[in-house]
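Novice: no sequence on this one, just coordinates:
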């Protein structure tokens, strides 16, 4: 099945998110209460809501997107390139620019989107933040009312599960076992908030996000038993 998909019809993506506010105390009283309620199960008695706030970026109701990186194959004869680009800065602009990319270049029936754990995280997070920010959701992301086989999404985590739905494998672990260069050679997801709010180094986050996109594409190639990308084939545009 995977072998039948044309590489140049897939948009690979990854997002980076952070808490919507730098500190828990920046939330108004009602949002503090709602965050406390939202995270009660995860925190149990181990952490207060304020102590747990560094994880707020995993929920679209309390987080925001600071970067969306995408990659796509351009294949001409025997020549294969993988082009990577990123949207970052103001969240509304990120979402609008990403939506324009999909609507203008990846809007045909054959087009697909692919990420790692993207069906559980990236795709719904983007859609929710679009609704919150008043940005129209592209058809490729809006699967309300669609049957499962009508949703144009691929997920390398789902592929690796091979039907074992209790099984979770991180991107870092999967790249390791598949002998793919690790995208986690600088920072990992737990450090993004600090790099964003304290170090104020968005370029470092963009680089990290783009490495994740490349890693997802490499996993997809590996699952198809194809040669991995070499550095000369990867173009940052």
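Specialist: Yep, it's here. Since the structure is predicted, the reported quantities are computational estimates derived from the model, not experimental observations. Numbering: from 1, shown residues only.

Novice: Could you use CA atoms for every contact and neighbour count after this?
Specialist: Fine.

Novice: which residues of the protein score low on pLDDT?
Specialist: Scanning the chain for pLDDT under 70 picks out 148-149, 184.

Novice: what's the top strand by length along it packed up against?
Specialist: Longest strand in the chain by number of residues, with DSSP state E as the criterion: strand 63-76. For strand 63-76, the packing partners by 3 or more Cα pairs under 8 Å, 6 or more residues apart in numbering; DSSP states H and E come out as strand 10-19, strand 79-88, helix 91-105, helix 122-132, helix 202-223.

Novice: highest average neighbour count across the ones you listed?
Specialist: Mean neighbours per residue, mean count of other Cα atoms under 10 Å, is largest over those for strand 10-19, with a mean of 24.

Novice: ok, that strand: who's next to it in the sheet?
Specialist: strand 63-76 (antiparallel), strand 112-115 (parallel) (DSSP bridges).

Novice: okay, these in a markdown table with mean neighbour count and distance to residue 211 next?
Specialist: Listed next are the strands paired with strand 10-19 as a markdown table, based on neighbours: other Cα atoms under 10 Å; distance: least, Cα to Cα, whole Å:
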| stretch | mean neighbour count | distance to residue 211 |
| --- | --- | --- |
| strand 63-76 | 21 | 9 |
| strand 112-115 | 24 | 12 |
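
Novice: Quick one: closest of those to residue 2.
Specialist: Among the strands paired with strand 10-19, strand 112-115 comes nearest to residue 2, with 12.0 Å by Cα to Cα.

Novice: quick revisit: please identify which of the strands paired with strand 10-19 is closest to residue 167.
Specialist: Nearest to residue 167, of all the strands paired with strand 10-19, is strand 112-115, at 16.9 Å by Cα to Cα.
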